[in-house]
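Q: Quick one: sequence plus predicted model below, questions after.
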Amino acid sequence: MFWVQVVFNIPVDRAFTYTVEEEVPFGTRVVAPFHGRNLNGYVVGTEPPKEEEASIQLKPLHRVLDKEPLFDREYLMLARWIADRYYSSLGEALAAMLPGGKKETEVPLFEDAGEEVSVTPPALSSEQDLAVKEILSREEGMYYLFGITGSGKTEVFLRVAEATLQEGRGVIYLVPEIALTGQVVQAIRERFGSKAAVLHSRLTPGQRLTEWRRVLRGEAPLAVGARSAVFAPHPRLGLIILDEEHEGSYKSGSSPRYHARQVAMKRCSLSKARLVMGSATPSVEAYYLMQKGEIRGIRLTRRLSGGKLPDIEIVDLKGTEGVFSRRLQEEILHTHREGRQTILFLNRRGFSYSFHCNTCGYEMKCRRCSVSLTFHKQKNRMVCHYCGFSTRPMDLCPSCGSLDVGYYGSGTEKIEEEARKLFPEIKLARLDTDAVERKGTLERILKEFREGKIDLLLGTQMVAKGLNFPGVRLVGIVLADTGLHMPDFRAAERTFSLIVQVSGRAGRFAPDGKVIVQTYMPEHEAVKYAARMAMDEFYTKELGQRAELRFPPFSRLFRLVCRGRSEDVVRGVAEDLSAKLERELRGRAEVLGPAECPIGVIAGNHRYQIILRTKTFLPVHGVLKNQLSRNKLPRGVYLEVDVDPVSLL
């Protein structure tokens, strides 16, 4: 008889011992009985039972899922680090890191790529050549490619990846969202063929398992994918590329709430590998580390392909009727007459985002969340973008019965309707999560835009990232300040980044690119600095404010969110926990709160948060860990712990 220690994807941080007839290797997945049901688990030990377990009737395993292990002891060390750092169980960490498929299935993504693909790489500019040489001058270290949009960061990444593969070491290439970075994936497909594996959420579990095993066996030494691809199991890891480092999607929203950047730093440290990050708009934290010399900053200042930075014009919307200012209308028509293309950006989908009664002031909110419902005209529904609740729109006020009601604010649907009326001769398409619900729609719209069959493309974040179209002359940011009103210390950083990134879609292949930034806040520093492309001035100003307010990078944050159905119980739990932490931390951290979250209710759960702000991360992390292990929550109350949160909403 043999024994195995198994952990499960549950918030219980211990292993359970089971018996098995034949030896089961460490690092395999199994199915085991647990409290009356069969759960998938991970074998993390193969020792005989401990003394305290000897008298217990141990249960046998139900089934072994893998013939060969999925991970080794070094990989388990990384899983333990993630579980410890982000306050999850080891089983939850492994579940986030490993593929979930029961058996391998074919992956069609690279089917047209042979063993060797003949592609002639473009010649490097002098800046690119120096960047590649500097990164390859050492076998390990952290580098940051700080380059304006269109300066050729991708080609530098690919050259460094090629050199690392020639050293016999593996490469992980991370992108924010695989669906929106098709051009990068295409470049990798052409350059590396079957040496590349793709790991992302659009694959079926079985396809993800196939790609995982290809990486593990060394058949695919380059793994490309979104956030979770940072866990690709390279036997000899030599390089991690983190493209668009500033993106919030690198942070996990569920336990363990890891950040791919922190995991990449840890993996490169353990493997003595290179970490190369890049963006036109680094996160404030990354910029600060470059200034301190902890990350080697490498600048790319020139646009390739004959383009130059676009001319950016700020338009004050105060006094304007509708969402199209006269200047934006003129430029759209001028661009169309020249046979060129326009991208319009708005960071809000739907038709309008507020139902309001002019008689009594009633505002229609989600019955399960403390947010306004968004009107989606095509579906004729009022929809909550947080919990998915929807209801029919109303013709009269449910509070006072008045007919003097209306919908306020503009989403992408409303802009599309207004644009079709203003520019009937222009072919346009909308690109947001509502428009691309049907499979293949995103790819079709981008293909038609690239081929010039669409004159004007309007959308949300989807049009802001990674798109590289020769025909685009004009970019219009319909409302630049939607994010500035958020109660979050990163609001200015996000707005600045968004304006710079969206502006970067204009004039990439010609010297006459134009950007119109429409705003009600033309004097706001984030808007002004972005319009001038005054990168260093913005970061210097922002760092000054962060230092004064003691926010990251001048401190570390822990965010604790208590949630549950009863507001009184949740508030009581938060107040009790806050008082205990105040006593135990004794000045090592500021305990801010508890306070109701900016979005106080989501899906019927009341939410209260406590923020810990500190300069001494490890001692505070340890105190919090001890407190969490002793703190027993009442039934129906849940506690979410977020280390280094990217959002405080």
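A: Done, it's in. From a predicted model like this one, the values you see are computed outputs, not experimental measurements.
Q: what about dumping the CA coordinates of stretch 412-421 to PDB?
A: The C-alpha coordinates for stretch 412-421 follow below in PDB (Å, rounded to 0.1, in the frame of the first residue of the first chain):
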ATOM      1  CA  THR A 412     -20.900  53.600 -27.200                       C
ATOM      2  CA  GLU A 413     -24.400  52.700 -28.500                       C
ATOM      3  CA  LYS A 414     -25.500  56.300 -28.300                       C
ATOM      4  CA  ILE A 415     -22.400  57.600 -30.000                       C
ATOM      5  CA  GLU A 416     -22.900  55.000 -32.800                       C
ATOM      6  CA  GLU A 417     -26.500  56.300 -33.300                       C
ATOM      7  CA  GLU A 418     -25.400  59.900 -33.300                       C
ATOM      8  CA  ALA A 419     -22.500  59.200 -35.600                       C
ATOM      9  CA  ARG A 420     -24.800  57.400 -38.200                       C
ATOM     10  CA  LYS A 421     -27.000  60.500 -38.200                       C
END
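Q: ok, residues contacting the helix or strand where residue 19 lies?
A: Element membership of residue 19, judged by DSSP states H and E, is strand 16-20. The contact list for strand 16-20 (CB atoms under 8 Å, 6 or more residues apart in numbering) reads 1-8, 30, 32, 34, 41, 49-50, 53, 58-61, 64. No exception for glycine: its C-beta is placed from N, CA and C like everyone else's.
Q: Enumerate the positions of that strand that are buried.
A: 16-18, 20 (16 or more other CB atoms under 10 Å).
Q: Check the offset of the longest helix belonging to the chain from the chain's centre.
A: Ranked by residue count, the top helix of the chain under DSSP state H comes out as helix 567-585. What separates the centre of helix 567-585 from the centre of its chain is 30 Å, taken as CA atoms, centre = their mean, to the nearest Å.
Q: okay, that helix in CSV with CA atoms only?
A: The C-alpha trace of helix 567-585 is given here as CSV (Å, rounded to 0.1, in the frame of the first residue of the first chain):
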residue,chain,number,x,y,z
GLU,A,567,-25.0,45.3,6.6
ASP,A,568,-25.0,45.5,10.4
VAL,A,569,-23.2,42.1,10.8
VAL,A,570,-20.7,43.0,8.1
ARG,A,571,-20.0,46.4,9.6
GLY,A,572,-19.6,44.8,13.1
VAL,A,573,-17.1,42.3,11.8
ALA,A,574,-15.1,45.0,10.0
GLU,A,575,-15.0,47.2,13.1
ASP,A,576,-13.9,44.3,15.3
LEU,A,577,-11.2,43.3,12.9
SER,A,578,-10.0,46.9,12.5
ALA,A,579,-9.7,47.3,16.3
LYS,A,580,-7.7,44.0,16.6
LEU,A,581,-5.3,45.0,13.9
GLU,A,582,-4.9,48.5,15.4
ARG,A,583,-3.8,46.8,18.7
GLU,A,584,-1.5,44.2,17.1
LEU,A,585,0.2,46.5,14.6
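Q: What are the buried residues along it?
A: 569-574, 577-578, 581, 585.
Q: what's next to that helix, contact-wise?
A: For helix 567-585, using CB under 8 Å, 6+ apart, the contacting residues are 560, 562-564, 589, 591, 593-594, 606-610, 612, 620, 623-624, 626-627, 631, 633-634, 636-637, 639.
Q: about what we covered before: for PyMOL, what selects the buried ones among the contacts of strand 16-20?
A: Selecting only the buried entries of the contacts of strand 16-20 in PyMOL, with 16+ other CB under 10 Å as the criterion:
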select buried, resi 3+4+5+6+7+8+30+32+34+41+61+64
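Q: Mark which of the contacts of helix 567-585 are buried, thanks.
A: Using 16+ other CB under 10 Å, the buried members of the contacts of helix 567-585 are 560, 562-564, 589, 591, 593-594, 606-610, 612, 620, 623-624, 627, 637, 639.
Q: one step back: among the contacts of strand 16-20, which are in strands?
A: 2-8, 30, 32, 34, 41, 64 (DSSP state E).
Q: out of those, who's nearest residue 395?
A: Among those, residue 8 lies closest to residue 395 (CB to CB), at 51.7 Å.
Q: nearest to residue 380, of the buried residues of helix 567-585?
A: Closest approach to residue 380 among the buried residues of helix 567-585 (CB to CB): residue 570, at 35.4 Å.
Q: before we move on, the earlier item: ok now the strand holding residue 19, how far from the chain's centre?
A: Worked out by CA atoms, centre = their mean, strand 16-20 lies 38 Å from the chain centre.
Q: what's the span of stretch 226-239 from first residue to last?
A: End-to-end distance of stretch 226-239 (CA to CA, to the nearest Å): 16 Å.
Q: chain center to that stretch: distance?
A: So, by CA atoms, centre = their mean, the centroid of stretch 226-239 is 17 Å from its chain's centroid.
Q: Quick check: the residue nearest to residue 252 when sequence neighbours are not counted vs residue 219, distance?
A: Distance criterion CB to CB, 6 or more residues apart in numbering; nearest residue to residue 252, sequence neighbours excluded, is residue 258 at 5.2 Å. Distance, residue 258 to residue 219, by CB to CB, to the nearest Å: 27 Å.
Q: for residue 379, same thing?
A: 45 Å.
Q: With residue 527 instead?
A: Distance from residue 527 to residue 219, by CB to CB: 49 Å.
Q: same check, this time on residue 291
A: Distance from residue 291 to residue 219, by CB to CB: 41 Å.
Q: so what's the residue nearest the centre of the chain closest to, chain neighbours aside?
A: Residue closest to the average C-alpha location in the chain (CA atoms, centre = their mean): residue 249, at 0.3 Å. Spatial nearest neighbour of residue 249, excluding adjacent residues (CB to CB, 6+ apart): residue 176 at 4.8 Å.
Q: Domains in the chain, by residue range?
A: 2-97, 126-300, 311-350+410-547, 556-643 (automatic domain parsing).
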